[in-house]
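Colleague: This is a predicted model, with the sequence first.
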Amino acid sequence: MGYKIGLVGNPNSGKTTIFNELTGSRQYVGNWAGVTVEKKGGQLRNHKDVEIIDLPGIYSLSPYTIEEVVTRKFMLEDKPDAIINIVDASNIERNLYLTTQILELNIPTIVALNMMDIVEKRGYKIDIDKLSKELGCRVVETKALKGDGVKQLGDEAVKIAKEKKISNFKVNFSKEVNSALKSIESLIEKENVLKEDIDKRWFAIKTFEKDEAAFKEVNLSEEGTEELDNIISRCEKELDDDGESIIISNRYDFIEGIISRIVKNRKKKENTFSDKIDKILLNRIFALPIFAFVMWFVYYISVSKIGLIGTDWINDVLFAEIIMGNVETLLNGLHVSQWLISLINDGILAGVGTVISFIPQVALLFFFLSILEDCGYMARVALFMDKILHKFGLSGKSFIPVLMSSGCGVPGIMSTRTMESERERKITIMVSTFVPCSAKLPIIALFAGAIFKGSSLVAPLVYFSGIIMIIVSAFIINKSKLFKGGRSPFVMELPQYHVPNFKNVLLNVWEKVVSFIKKAFTVIVLASAFIWFTSSFNWTLQMVDARESILADMGKIIAPIFAPLGFGNWQSAVASITGFVAKENIVSTFGVLFGISNAAETDVALLHNLAGMYTGASAFAFIAFNMFNPPCFAAMGAIRREMGNWKWTFITIGIQTFGAYLIALLINQVGSFIMGYGSLTGAIASIAVVGTIIGAIIMNSKKVSEKEAISEVA
């Protein structure tokens, strides 16, 4: 018989590090049934019959986020044999709030008191034995980054799972609350509405908090519901507060009592190392410039320097000389027809080579972002970004999906599930992919080399243009009649700064790169073969020059649409359309159209061809259009899953396409005028068009609000 152990803890408590230490390479990743929240599991080292389930990071068991719903459902319905609760000892008061809720479920639980090295540095000492007695469960001291205590934690967890020993822990609430809870327990027992294996006290507490999910589970009669309301109302009136706030306050009072008894050498709070760093990094003047410099450095190293060396080697040596050269020699030796050789080399291998060549840049980007996240800096970025974003209808938590979208739009879109406000979540989904993802980096690198002489400023300029686009778009969408309601409060734990766990960083990079390759190979190879065929044959299926091909004819039909944007040639039109399938397609599409095998963003011939097709303004307009229009098909699928229906999906795609077109129009017309080769009329007209559309959206929203106000008065 196998054992199932759940791993639960607050975000940034070291849960991921401990999970990796407990399971090693014996891990799997999937999705929870019914939702797309990531499900991680693995076999416990040296225990073939024990499965560790890494539950989403949460702050409580109140079902406000999908993560909290998943964790709570797992505990109540899946009935794990034991729970490992990871507690950040350096922030013990906040973390024990979740611990008290877990223990009330009467599931065998062991507490891992993590980050004890930080506690020691601060001059504190936590009495582990006394804490164990207070909680009624085993407590193990761990230092996850060093691996200390993790093996013992796993062994102890298996032991309590086999013993099935529960703590019978109870929070000592105030006499008024305890009296109300006993009355609710009696009511639940009288109506006999709970299963035998469900703890009545836990449900009494949740119903007192007016937890909707608990109300549905209890399913009281009409008389019972009325009696329950009376019990809660009397207590609320007596304590002059609402039920949920009363429970929260009582919990923290109880936790504070525990802390006063277990923490020794408590002294006046001193500025920690993290506090000293935060005085600079969270400074209202320096925070944003420092973040801008950090992101410029990350992109400079990933795209323009070290990443470029790897990309050049893969293109010029691995594929051009070794793979494609030998394949062509082999096929010629076998007397294979030229069209088949062209398909294999120019259609398939060229597409594969283009994808593979991105890996050094993508891996480096993920490496740096993982370090920034693991050391605690990105949580600070979300904090100070909240001060900016909340003015535009978003929260600081919106920055996390934006950050993840800079790697790939799919996990970025999926990460919006942690946001409590449905309104903010939908707006974030609509705008988060405006930030350049890893698949868009080759486009930036290509045009930076072809038009802007390889300037290292192009990538960060595009990146921050994406940030501005997100903010402006969110503001406009927030003002439209699509959304109503206020913002939700911003809550995020700030972890202590620490040296990143490079094992976790490398595991994260590996997962992201493999995901990128899988996505790329499923889409790019087919797209490259399609582009090769349609650019090599005419409508009578004769091999012709690309300028007389099926693809050229298709491009010439749609090219006039892009003429106001400055790239009204059929090659650019075709490349932009293939970019809707996957952004990685754009570079390889240009390569196929110009007859360049294994084209990459650094290919001299490709750069030369593009240099004669664009001005500075039209080049940046092309970049902007392909940065801000709808992401790849995979990301569109993620939008559909997260939005929940096709209506919101099409609204999102429409907003992204229309917004990208308007911005590209503005960049080309105004930019051309400023640079001296455009007309004043075109610049004024483009500004007037964009201004009129934005004004109409805002004015229409105001009219709707006025009508609603009048109807409410009436």
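Modeller: Arrived safely. Since this is a predicted model, take the numbers as computed values, not measurements. Numbers count the residues shown, from 1 in each chain.

Colleague: residues contacting residue 534?
Modeller: By C-beta atoms under 8 Å, 6 or more residues apart in numbering, the contact list for residue 534 reads 549, 550, 551, 554. Every C-beta, even on glycine, is put in place using the N, C-alpha and C of the backbone.

Colleague: could you redo the last one with a cut-off of 10 Å?
Modeller: Residue 534 sits next to 546, 549, 550, 551, 552, 553, 554, 555, 574, 592 when contact means C-beta atoms under 10 Å, 6 or more residues apart in numbering.

Colleague: any idea which of the residues you listed has the most stuff around it?
Modeller: In terms of neighbours by other C-beta atoms under 10 Å, the contacts of residue 534 top out with residue 592 at 31 neighbours.

Colleague: just checking, residue 113 is part of a helix?
Modeller: No - Residue 113 is assigned strand when assessed by DSSP: H, G, I helix; E, B strand; the rest coil, not a helix.

Colleague: Break down the stretch 1-150 of the chain into its strands, ranges please.
Modeller: 3-9, 27-31, 38-43, 50-54, 82-88, 109-114, 125-126, 138-141 (DSSP state E, counting those that start in this stretch).

Colleague: Which neighbours in the sheet does the third one have, and how are they oriented?
Modeller: Note on strand 38-43: by DSSP bridges, its sheet partners are strand 27-31 (antiparallel), strand 50-54 (antiparallel).

Colleague: And the average pLDDT for that strand is what?
Modeller: Summarised as a single mean, pLDDT over strand 38-43 is 79.

Colleague: can you give me how far it is from the chain middle?
Modeller: Mean-position distance between strand 38-43 and its chain equals 18 Å (C-alpha atoms, centre = their mean, to the nearest Å).

Colleague: Check which residues of the helix or strand where residue 656 lies are buried.
Modeller: In this structure, residue 656 is located in helix 646-674 according to DSSP states H and E. Neighbour-count burial for helix 646-674 flags 648-649, 651-653, 655-656, 659-673 (criterion: 16 or more other C-beta atoms under 10 Å).

Colleague: now do stretch 678-693
Modeller: 678, 682, 683, 686, 690.

Colleague: now for the helix holding residue 656, which elements pack on it?
Modeller: helix 422-432, helix 458-479, helix 550-562, helix 616-628, helix 633-643, helix 680-713 (3 or more C-beta pairs under 10 Å, 6 or more residues apart in numbering; DSSP states H and E).

Colleague: now it against helix 633-643, angle please.
Modeller: Orientation check (axes from the mean of the first three to the mean of the last three C-alpha atoms, to 10 degrees): helix 646-674 against helix 633-643 gives 130 degrees.

Colleague: now helix 646-674: mean pLDDT?
Modeller: 89.

Colleague: for stretch 372-386, same thing?
Modeller: The model assigns stretch 372-386 a mean pLDDT of 76.

Colleague: Dump that stretch to PDB, keeping only the CA atoms.
Modeller: Once non-C-alpha atoms are left out, stretch 372-386 reads as follows in PDB (Å, rounded to 0.1, in the frame of the first residue of the first chain):
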ATOM      1  CA  LEU A 372      16.400  37.300  -9.700                       C
ATOM      2  CA  GLU A 373      13.300  35.500  -8.600                       C
ATOM      3  CA  ASP A 374      15.000  33.000  -6.300                       C
ATOM      4  CA  CYS A 375      17.100  35.600  -4.500                       C
ATOM      5  CA  GLY A 376      14.000  37.600  -3.500                       C
ATOM      6  CA  TYR A 377      14.400  40.600  -5.800                       C
ATOM      7  CA  MET A 378      11.400  39.900  -8.000                       C
ATOM      8  CA  ALA A 379       9.000  40.000  -5.000                       C
ATOM      9  CA  ARG A 380      10.300  43.500  -4.400                       C
ATOM     10  CA  VAL A 381       9.700  44.500  -8.000                       C
ATOM     11  CA  ALA A 382       6.100  43.400  -7.600                       C
ATOM     12  CA  LEU A 383       5.800  45.500  -4.500                       C
ATOM     13  CA  PHE A 384       7.000  48.800  -5.900                       C
ATOM     14  CA  MET A 385       5.300  48.100  -9.300                       C
ATOM     15  CA  ASP A 386       2.000  47.900  -7.300                       C
END
